[in-house]
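In: sequence plus predicted model, see below.
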Amino acid sequence: MTDPAISLDLDYLPQLPQDKSLGIGCIGAGFIMADCHLVAYRQAGLNPVAIASRTPERAKAVAARHDIPKSYSSYRELLADGKVQVVDIAVPPDVQLEVIREVIRHKHIRGVLAQKPLGVDYAQAKEIVALCRDAGLTLAVNQNMRYDQSVRACKTLLKRGVLGEPVLATFDMRAIPHWMPWQERLGWVTLRIMSIHHLDTFRYWFGDPQRVYASTRPDPRTAKKFSHQDGICLYILEYENGLRCSSWDDVWSGPAQEGTAADNRILWRVEGTEGTAKGTIGWPRYPAREPSTLDFTTTRQPGYWLQPRWSEVWFPDAFLGPMSELLCALESGETPSINGEDNLQTMALVEACYLSAREHRAVPITEITSGP
């Protein structure tokens, strides 16, 4: 008889709110909002009621595309709309604090889904969390890789103990993202943009590490456009129980854009005392719909690789997860798992990576969180 703990029903989909009628106000009308958030929300029957952008014409076009009743020429006008009960913020990180300061002034707004990274650094993220907490506003952070289907399914395996005690976990990313214009003014490439997904996923799977060692170098391609330090990023997370996690975040991925054949992918692997899980992240193939995958083997069913599959994809389907979790939290009165206080630990881990790479040493996470 098959052990029920290794069922291929891996609880990889988000819980949906019973009441889908809460009015969502969308701030920002770029790719992430127009092609990911709103696509996922409409598929699930959520209720975006208004959108605003620094480019009003873009807001109008996205409103028409997604059948949103109102578009506004500024986010301040949107926030004054009494039908907006939840705010979905998709603006650059150095603008997010300014927007949050305005959001908390409007008592009809109950919840906020903020983008990652939550501000430009750990200190600013702490300020955003404090502002929302003091205003009684439920804050969730859009760490959407937690809702990638393979990542979520692996979490189920870990909770069921199918893999035993985790020993080693890795990401191997060889992919060339589409960079946003605001990254040039901030001088960021990978750590706060892509690595933050992997760092947060390690936290989601295993909790908080004790320390991190990171090594970075500029990406040769992006270095031609603007100066930066965090192009190609390698890092190791050390846990008190002996677990080690590591990632190679390679956004150079060889001279594929300069003429060679491409070999772009994201692979992950978790090895435990009683089993191994490995997977792929389908995002590098976007806009093609390539689902992420998971294969696992366990001593509870020796000699087999089990291969659950699904049709959903990270971009855009998984973007339903963070908003749905926020709406469920508002419905139940509970705290979302992707709350601001939790996300401060992810921000601290990213900050520790920057410090480690700069000073060529391992950095305890408490060195960041115990600061002023």
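Out: Nice, thanks for sending it over.

In: you'd agree K116 is up against N343?
Out: Yes - with contact defined as C-beta atoms under 8 Å, K116 reaches N343; the gap is 7.2 Å. (C-beta placed from N, C-alpha, C; glycine too.)

In: shared neighbours of the two, anything?
Out: V141, Q143, D200 (C-beta atoms under 8 Å, 6 or more residues apart in numbering).

In: in strands, which of those appear?
Out: V141 (DSSP state E).

In: out of the shared contacts of K116 and N343, who's the most crowded?
Out: Counting neighbours by other C-beta atoms under 10 Å, V141 leads the shared contacts of K116 and N343 with 29 neighbours.

In: what sits opposite it in the beta ladder?
Out: A114 (DSSP bridges).

In: how many neighbouring residues does I281 have?
Out: Neighbourhood size, I281 [other C-beta under 10 Å]: 28.

In: brain fart, D230
Out: By the criterion of other C-beta under 10 Å, D230 has 25 neighbours.

In: quick one, helices of the stretch 51-200 of the chain?
Out: 56-65, 75-79, 93-103, 122-134, 149-160, 182-186, 196-206 (DSSP state H, counting those that start in this stretch).

In: any chance of CSV for those helices, columns mean pLDDT and distance to K225?
Out: Shown next, in CSV, are the helices of the stretch 51-200 of the chain (pLDDT from 0 to 100; distance: least, C-beta to C-beta, whole Å):
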stretch, mean pLDDT, distance to K225
helix 56-65, 97, 24
helix 75-79, 98, 29
helix 93-103, 98, 18
helix 122-134, 98, 25
helix 149-160, 98, 31
helix 182-186, 95, 7
helix 196-206, 98, 21
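
In: point out the most buried one among those helices.
Out: helix 196-206 (a mean of 24; mean count of other C-beta atoms under 10 Å).

In: can you give the distance of that one from its chain's centre?
Out: The chain centre lies 9 Å from the centre of helix 196-206; the measure is C-alpha atoms, centre = their mean, to the nearest Å.

In: quick one on the thing from earlier: out of the shared contacts of K116 and N343, which is nearest to R58?
Out: Comparing these against R58 with C-beta to C-beta places V141 closest, at 24.4 Å.

In: pretty sure the closest one is touching L344, no?
Out: No - using C-beta under 8 Å, V141 makes no contact with L344, being 9.4 Å away.

In: common neighbours of the two, please.
Out: With C-beta under 8 Å, 6+ apart, V141 and L344 have common neighbours L118.

In: which helix or strand lies directly C-terminal to the longest helix seen in the chain?
Out: Ranked by residue count under DSSP state H, the longest helix found in the chain is helix 340-359. Helices and strands here follow DSSP states H and E; after helix 340-359, the next one along the chain is strand 363-364.

In: what sits against W314?
Out: N144, M145, Y147, D148, Q149, I281, G282, W283, S292.
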